[in-house]
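Participant: Sequence and predicted structure below; questions after.
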Amino acid sequence: MTQAYASDLALFINGSWRMGEGRDALAVLNPATGAAIAELPVASAADLEEALAAAQAGFAEWRMVDVDTRGAILRKAAELIRDRADRIATLLTTEQGKPVGEARGEVVGAAAMFDFYAEEAKRAYGRVLVRPTGQRAMVIKQPVGPVAVFTPWNFPVYLLAKKLAPALAAGCSVIAKPAEECPASTAALMRCLADAGVPANVAQLVYGVPDMISRTLIGSPVIRKVSFTGSTAVGKHLMRLAADGVKRITMELGGHAPVLVFDDVDLDKTLDMLVPQKFRNAGQVCVSPTRFYVHERIYDAFLEGFAARTARLKVGNGLEPGVQMGPLANPRRPEALTGLITDATAQGGRVLAGGEAYGEGFFFQPTLLADVPDTAAIMNTEPFGPVAVTRPFATLDEAIANANRVPFGLAAFAFTDSLRTANLVGDALEAGMVGINSFAISFADAPFGGIKESGFGSEGGPEGLESYLVTKAIHQA
């Protein structure tokens, strides 16, 4: 154990924090050292059945709580999250690896989610239909029911808040299954909700064997809606499970974001934006810029500037001052990246910076690959790590074709000083979100979601609340 970490990891079921008590346990690792720092209790079948029963009872009660009261509780939760942000950020960095400044930004972003949906819930409007005198017809919105949410390890606090806030605001009860790699930070978020006054049976938190938990929760008739953020492969599996019960689903799946860089940009200014964004959270971001298509007239200068900036990044333990990139979150990632880079260089790609795992823990050098062919695996598989791959293009049509070539469509980016090019690219890119001269695409008031194999449904904005509501038409003669 370390003083910076939590020694009381637990499940949260029906208002009770459940620690070991004879349960199986999983080791939690510090990615900066590779050492085990705690043991996480694993939910049993009995735990899950109790959580389901609580969620069913909690929904019956919570849906009847007026929207102003629900909103006040969510605003209190946001206040507590901000008050505890430093502590939660330290927990997050210790178990996930990102620099503590990035972790604190994530926590503050989570608080913003609760503030937004505390107010947005008041705007779940229906409508009155035109009917003959003496008749009435109306459309109303109601909470869908108990919800199972599954979140990954790359932004464990923010992505959990992104699901909990609209679900609770809508009047749903929730059973959350965050990633087992990051239990302390997600439990700290749940403590804020409990301390803010969310009823004991309305929000549950479980960890354990992912397949067992997903099959149990999604297979239960109690659960009416499933929300998942993670890989496309796992998302397809959960969709199959949900199909048997015709469950409503929101899927935010993998991406492989292209970046188009045109020759009319201020190159130094653009590179100063691109490099930090590529290596934010060690590239473990579903919308991380990864496939860089650069106009051939500026390609060589782009590579030189990108490589120089990459080499200057300070990599280390995220709790240390000045660190710009931490380790990867788990031991699977360095191995996967090594394989992708080996394949790319075997097919003619050039390593201009980084390219290797190193040191204790799960560190990987910030990496730049040039001239990577479309046949390389890394051009078709999301690397989910600190690797940028580049190729030149000659025409706008070629750039668009390259960007849209893969089956993913979560985010895409373009950099140009031409308004006409910006308009054409914004229309043509096949992605749920497009950033033009900006990477700022994730806000509480804006929809976030993909197309093609990057999923469907949106989180954030009014669309995020809508996904936890059902529409009912009432006709009265």
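Facilitator: Here it is on my side, so go on.

Participant: what about this structure, any weak spots by pLDDT?
Facilitator: 1-3 (pLDDT under 70).

Participant: just checking, what packs against the helix or strand harbouring Ile140?
Facilitator: Ile140 belongs to strand 136-143 when elements are defined using DSSP states H and E. Identification of packing neighbours for strand 136-143 by 3 or more CB pairs under 8 Å, 6 or more residues apart in numbering; DSSP states H and E yields strand 127-128, strand 469-476. Just so you know, the C-beta spots here come from the backbone N, C-alpha and C atoms, and that holds for glycine as well.

Participant: Report the buried residues of that strand.
Facilitator: Lys141, Pro143 (16 or more other CB atoms under 10 Å).

Participant: With stretch 225-238 instead?
Facilitator: By neighbour count with 16+ other CB under 10 Å, stretch 225-238 contains the buried residues Lys225, Val226, Ser227, Phe228, Thr229, Gly230, Thr232, Val234, Gly235, His237, Leu238.

Participant: Could you spell out the sheet neighbours of the one helix or strand the fourth one maps to, each with its direction?
Facilitator: Yep, that's Phe228 we're talking about. Remark: Phe228 resides in strand 225-229, with elements defined by DSSP H and E. Taking DSSP bridges as the criterion, strand 225-229 forms sheet pairs with strand 147-150 (parallel), strand 248-252 (parallel).

Participant: Can you list the strands that the helix or strand that the longest one is followed by pairs with?
Facilitator: This points to strand 248-252. Once the chain leaves strand 248-252, the next helix or strand it forms, by DSSP H and E, is strand 257-261. Here the strand partners of strand 257-261, with direction, are listed using DSSP bridges: strand 289-295 (parallel), strand 411-415 (parallel).

Participant: where's strand 257-261 relative to the chain centroid, distance-wise?
Facilitator: Once both centres are worked out by CA atoms, centre = their mean, to the nearest Å, strand 257-261 turns out to sit 20 Å from its chain's centre.

Participant: closest one to Asn437 among the helices and strands packed on strand 136-143?
Facilitator: Put simply, out of the helices and strands packed on strand 136-143 the one that sits nearest Asn437 is strand 469-476, at 34.9 Å, with distance taken as CB to CB.

Participant: Now name the helix or strand holding the residue positioned nearest the centre of the chain.
Facilitator: The geometric centre of the chain, computed from its C-alpha atoms, lies nearest to Leu159 (CA atoms, centre = their mean), at 4.7 Å. Secondary structure from DSSP H and E places Leu159 in helix 156-170.

Participant: Next: Arg297.
Facilitator: Element membership for Arg297 (DSSP H and E) is empty, with no helix or strand holding it.

Participant: tell me the domain ranges of this protein?
Facilitator: By the record's domain assignment, the chain is partitioned as 11-253+454-476, 257-443 (automatic domain parsing).

Participant: For Tyr5, which of those is the nearest?
Facilitator: domain 11-253+454-476 (5.0 Å).

Participant: Ends of the closest one, what's the gap?
Facilitator: In terms of CA to CA, to the nearest Å, the two terminal residues of domain 11-253+454-476 are separated by 47 Å.

Participant: That domain: how far from the chain's middle?
Facilitator: 13 Å.

Participant: Equivalent analysis for stretch 348-363, please.
Facilitator: The gap between the average C-alpha position of stretch 348-363 and the chain average comes to 25 Å, counting by CA atoms, centre = their mean.

Participant: still on that earlier bit, is it possible to export the helices and strands packed on strand 136-143 to a markdown table including distance to Val265 and mean neighbour count?
Facilitator: Written out in a markdown table, the entries for the helices and strands packed on strand 136-143 read as follows (distance: least, CB to CB, whole Å; neighbours: other CB atoms under 10 Å):
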| stretch | distance to Val265 | mean neighbour count |
| --- | --- | --- |
| strand 127-128 | 46 | 10 |
| strand 469-476 | 42 | 12 |
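
Participant: who wins for proximity to Ala4 among these?
Facilitator: Distances from Ala4 to each of the helices and strands packed on strand 136-143 were compared using CB to CB; the shortest belongs to strand 469-476, at 40.6 Å.

Participant: Name the residues that touch the closest one?
Facilitator: Outside strand 469-476, the residues that touch it by CB atoms under 8 Å, 6 or more residues apart in numbering are Ala124, Gln135, Arg136, Ala137, Met138, Val139, Ile140, Lys141, Gln142, Pro143, Val144, Ala170.

Participant: Which one of the residues you listed is nearest to Thr381?
Facilitator: Relative to Thr381, the closest of these is Val144; by CB to CB it sits at 34.0 Å.

Participant: The helix holding Leu159 - contacts with which helices or strands?
Facilitator: Here helix 156-170 is seen to pack against helix 67-83, helix 85-96, helix 100-120, strand 147-150, strand 174-177, helix 183-196, strand 225-229, helix 461-466 when contacts are counted using 3+ CB pairs under 8 Å, 6+ apart.

Participant: Now do that helix and strand 469-476, the angle between them.
Facilitator: In this structure, helix 156-170 runs at an angle of 10 degrees to strand 469-476, with axes from the mean of the first three to the mean of the last three CA atoms, to 10 degrees as the basis.

Participant: Helix 156-170 versus helix 100-120: what angle between them?
Facilitator: Taking the same axes, to 10 degrees, helix 156-170 and helix 100-120 form an angle of 10 degrees between their directions.

Participant: need the strands paired with strand 257-261 in JSON lines with distance to Ala78, can you?
Facilitator: As requested, the strands paired with strand 257-261 are exported to JSON lines (distance: least, CB to CB, whole Å):
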{"stretch": "strand 289-295", "distance to Ala78": "30"}
{"stretch": "strand 411-415", "distance to Ala78": "26"}
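
Participant: out of those, nearest to Leu52?
Facilitator: Comparing the strands paired with strand 257-261 by CB to CB, strand 411-415 comes nearest, at 34.8 Å.

Participant: contact partners of the closest one?
Facilitator: 255, 257-262, 265, 270, 273-274, 286-287, 289, 403, 421-422, 425-426, 429-439, 441, 450.

Participant: if we can go back for a sec, the helices and strands packed on strand 136-143 into a markdown table, with extra columns for distance to Arg333?
Facilitator: Formatted as a markdown table, the entries for the helices and strands packed on strand 136-143 read as follows, by distance: least, CB to CB, whole Å:
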| stretch | distance to Arg333 |
| --- | --- |
| strand 127-128 | 48 |
| strand 469-476 | 37 |
